[in-house]
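>>> compute the structure for the input listed below.
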Amino acid sequence: MSIWAAFSFLAAVWCIIHVLYFLSHHQETSLLPTQSHLSVSSTRRPLFGGKLQHLKVTLNGLQLQVSTTRWNTTHDKLNSLLSRRTHKTLATAVQGFYTLGTLVAGVGMLVAVFTLFFICVTNGWTLARKVAISHRPHADAIPFGDVHLLTKRSASFAEGEGLAPASVDAGASSFPTITPIVPGVTVPLSHLPVIIAAVFIAQVVHEVGHALAAALEFLPMTACGASFTVCIPAAFVSFPTSAMKTLPPKARSRIIAAGPYHNLVFWAFLSLAAWSGVAHLASFVSGYRDISSIGKVVVDVNPESPLSLHLQPGSIITQLDDTSLGSTSQSIDVWTTYLQGTVKESLLGWCVAKSVLGSGDFLQYLAAANGMLSAKSYECCNNEASKRPSAFSCFGSKDSLERGCIDPVPILTSRHGDNRCQSSDKCPPESSCVFPSKGVQLLRLTVRSSISNVQDQTTILWSGPPIEIWEEVQVSTWVPRIWVLPLWIPPLAATFWEYLTMATLSLYFFNLLPLPHLDGTQLLHSFLDWGLNADQGASSYNFGALEGGESDQQEPRTRRRWKERILRYCPYTMTCIAIGSILFSILNALY
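Now for the predicted structure:
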């Protein structure tokens, strides 16, 4: 999905929302003056038999808000349940649970503030370093590690120089950075609906925490609902402001901290479920089979990729070079680590006649080899010539200085394993054990046509950066047991699970930041009330000071002044740091 397609889709959605909103309100409002005295309920039956009479819909520009009071009764019943003497033990346990959440939220606030400041500094330093490097007058004198900052990923491999990406950009990797999830920039734009759904569910869990903690403190709920602004959904619950302010600081802290605390507990639950292997349990009740011990099933291939002509959806990739994709460990993704990692040197080479590498009768060998070798036996091994497109690749022997250009397809895709070797001693006479030269980007994919065809395996040879395979081929470890089931459901569910885990943990830290309109500012307010005014009651007086003619109001006044300063300047400072972190992260991703 392109940015223009996403924009068009959102525009169409908002047009439909505005039309439906106009039609619904136009029907409810009568234009006849003779019926102006009649109410809507007397002239029209409520929609769905009156089930939506507690629903309130508000549309303001690109913001749609839906609120309801239907759950207020349920909230009051929960309040009454926790107040009964027969459930005193339950109420005490719940109160202890949310008191622990207050402490966890306090620690999370400190971690969130420090992390945001660290991200802002490191991302700003990385961006400044990139800008400084790009303005150096002598670009040719820049070390290769710095060049990687300004070049595309295809140029990160030093052809013919024997440099692996592990040595690239060593200086820039000294500071870890966190890249924000920006659809269309840092993640595919097609992930936007999944991200929206994951964030909304995490927000619902967050608001449920506020509601449950409020019921524990006998705070009534006025309404709950959801809003949709441009393309961002949000959930909310509302309480009486005056009643909230009259609560003790400890009770207010429990209510405010309950939302982020629920997100953290929910994240722990998701992580525990993933660690316990709940996906394997799902294979017994779903129509899909887990083949992680065999390899990866191809779900989709970019139509513009050359691999689309050779990889079909449903085929099984069992090996990358000599590395098996079958793994029983859920924490290791061989597919990602291999394709995104450094260049691997094969431990096994191929037996090739020495005549192709040395100065023997090459034309006679060419006839015997049936066109597998190039008559220009040294051209592709030249650094300058190797930069030009060629069907041949440079191979060399580790036992000698013999080098030559070979068509890699017939040799590397051969089904016979008798030509593999570790050294020339394992090869027939007049043959050498050769390996691709450093800088040659060749990768072999061993593919089955289906899960049942064990013997029907082919080898596809890829020439280019391995990262492009990871970008252009979507794989999964689940195959349908029934042919009518689609391949895309398991990877979509896995992507949603991953975004849900990240969203709920991010919401925990993000809401604890002391930013305007977030829980962090209100929690900081309640913490200051709790810490600075905990011992200051309405009937607390210093009688010794009163008898001596001294005032004891100076210390509380000083405390209030400090509290006001903190609450005034802290949100503005954190807002500047947050904006700087986001801008620096996006610029680093685009630069």
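
>>> tell me the secondary structure for Thr318?
strand (DSSP: H, G, I helix; E, B strand; the rest coil).

>>> chain neighbours aside, what residue packs nearest to it?
Gly295 (3.9 Å; Cβ to Cβ, 6 or more residues apart in numbering). (Glycine included, C-beta is placed from N, CA and C.)

>>> how many neighbours does the one you found have?
Residues lying near Gly295 (other Cβ atoms under 10 Å) number 25.

>>> give me the phi and psi for it.
phi 170, psi -150 (degrees, to the nearest 10).

>>> and the strands in the stretch 1-150 of the chain?
Ranges of strands in the stretch 1-150 of the chain, per DSSP state E, counting those that start in this stretch, are 55-60, 63-68.

>>> now the ones you listed as a markdown table including distance to Ser449?
Listed next are the strands of the stretch 1-150 of the chain as a markdown table, based on distance: least, Cβ to Cβ, whole Å:
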| stretch | distance to Ser449 |
| --- | --- |
| strand 55-60 | 53 |
| strand 63-68 | 49 |
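
>>> tell me how far Ile16 lies from Leu192.
Taking Cβ to Cβ, to the nearest Å as the measure, Ile16 falls 18 Å from Leu192.

>>> of the strands of the stretch 1-150 of the chain, which approaches Thr115 most closely?
Within the strands of the stretch 1-150 of the chain, the stretch nearest Thr115 is strand 63-68; the backing value is 30.2 Å (Cβ to Cβ).

>>> quick check: buried residues in the closest one?
64-65, 67-68 (16 or more other Cβ atoms under 10 Å).

>>> out of the residues you listed, the closest to Leu325 would be?
Closest approach between the buried residues of strand 63-68 and Leu325, by Cβ to Cβ: Leu64, at 45.5 Å.

>>> output stretch 7-20 as CSV, restricted to C-alpha atoms.
The C-alpha trace of stretch 7-20 is given here as CSV (Å, rounded to 0.1, in the frame of the first residue of the first chain):
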residue,chain,number,x,y,z
PHE,A,7,-4.5,8.8,2.2
SER,A,8,-7.3,8.1,-0.3
PHE,A,9,-8.6,5.3,1.9
LEU,A,10,-8.7,7.5,5.0
ALA,A,11,-10.4,10.3,3.0
ALA,A,12,-13.1,7.9,1.9
VAL,A,13,-13.6,6.6,5.4
TRP,A,14,-14.0,10.1,6.8
CYS,A,15,-16.4,11.1,4.0
ILE,A,16,-18.6,8.1,4.8
ILE,A,17,-18.5,9.0,8.5
HIS,A,18,-19.6,12.5,7.8
VAL,A,19,-22.4,11.4,5.5
LEU,A,20,-23.8,8.9,8.0
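
>>> hmm, who's touching it?
59, 62, 64, 230-231 (Cβ atoms under 8 Å, 6 or more residues apart in numbering).

>>> and those, which are buried?
Using 16+ other Cβ under 10 Å, the buried ones in the contacts of stretch 7-20 are 59, 64, 231.

>>> so the residue nearest to the second one when sequence neighbours are not counted versus Thr558, what's the distance?
It stands for Leu64. Once flanking residues are discounted, Leu64 sits nearest to Phe228: 4.5 Å by Cβ to Cβ, 6+ apart. According to Cβ to Cβ, Phe228 stands 46 Å off from Thr558.

>>> the two: which is more packed in?
Phe228 (19 against 11).

>>> pLDDT averaged over stretch 117-131 - what is it?
Averaging pLDDT along stretch 117-131 yields 86.

>>> dump it to CSV, keeping only the CA atoms.
Output in CSV follows, covering the C-alpha atoms of stretch 117-131 (Å, rounded to 0.1, in the frame of the first residue of the first chain):
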residue,chain,number,x,y,z
PHE,A,117,16.5,11.7,27.7
PHE,A,118,19.0,9.0,26.7
ILE,A,119,17.2,8.5,23.4
CYS,A,120,17.2,12.2,22.7
VAL,A,121,20.9,12.6,23.4
THR,A,122,22.0,9.5,21.5
ASN,A,123,19.8,10.1,18.4
GLY,A,124,20.9,13.7,18.4
TRP,A,125,24.6,12.7,18.6
THR,A,126,24.1,10.1,15.8
LEU,A,127,22.4,12.7,13.5
ALA,A,128,25.1,15.3,14.2
ARG,A,129,27.8,12.7,13.4
LYS,A,130,26.1,11.9,10.1
VAL,A,131,25.8,15.5,9.1
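
>>> switch to numbering from 2
Yep, numbering from 2; the last one is stretch 118-132 now.

>>> flag every buried residue along that stretch.
118, 120-121, 123-125, 127-128, 131.

>>> check which element follows the lowest-mean-pLDDT helix or strand in the chain along the chain.
Here the helix or strand of the chain ranked lowest by mean pLDDT, DSSP states H and E is helix 145-148, holding a mean of 36. For helix 145-148, the following helix or strand on the C-terminal side (DSSP states H and E) is helix 193-217.

>>> closest one to Pro492 out of the buried residues of strand 64-69, please.
Leu65 (30.9 Å).

>>> test my guess that that closest one contacts Gly226.
No - Leu65 is beyond contact range of Gly226, at 10.5 Å (criterion: Cβ atoms under 8 Å).

>>> output the below-cut-off pLDDT ranges for the stretch 102-251 of the chain.
Across the stretch 102-251 of the chain, residues meeting the criterion (pLDDT under 70) sit at 136-181, 183, 185-187.

>>> pull the contacting residues for the residue nearest to Thr319.
Gly296 neighbours (Cβ under 8 Å, 6+ apart): 317-320, 325-327, 449.

>>> lowest-confidence entry in the residues you listed?
Minimum confidence in the contacts of Gly296 sits at Gly327, scoring 85.

>>> would you agree that one is in contact with Thr319?
Yes - between Gly327 and Thr319 there is a contact at 6.9 Å, judged by Cβ under 8 Å.

>>> between those two, which is the more surrounded one?
Thr319 (17 against 14).

>>> any idea which residue is closest to the centre of this protein?
Tyr500 (5.4 Å; Cα atoms, centre = their mean).

>>> tell me how far that one lies from Ala203.
Distance from Tyr500 to Ala203, by Cβ to Cβ: 9 Å.

>>> helix or strand for Ile470, which one?
Applying DSSP H and E, one finds Ile470 within helix 467-473.

>>> on contacts alone, who are the packing partners of that helix?
Contact here means 3 or more Cβ pairs under 8 Å, 6 or more residues apart in numbering; DSSP states H and E; on that basis helix 467-473 packs against helix 335-341, strand 443-449.

>>> repeat that with 10 Å
strand 297-302, strand 317-321, helix 335-341, strand 443-449, strand 458-464 (3 or more Cβ pairs under 10 Å, 6 or more residues apart in numbering; DSSP states H and E).

>>> neighbouring contacts of the last one?
Yep, that's strand 458-464 we're talking about. Applying Cβ atoms under 10 Å, 6 or more residues apart in numbering, the contact partners of strand 458-464 are 307-308, 310-312, 316-321, 390-392, 394, 409-416, 441-450, 469-470.

>>> the same query, at a cut-off of 8 Å, please.
Here strand 458-464 has contacts from 308, 311-312, 319, 394, 409-410, 413-416, 442-450, 470, using Cβ under 8 Å, 6+ apart.
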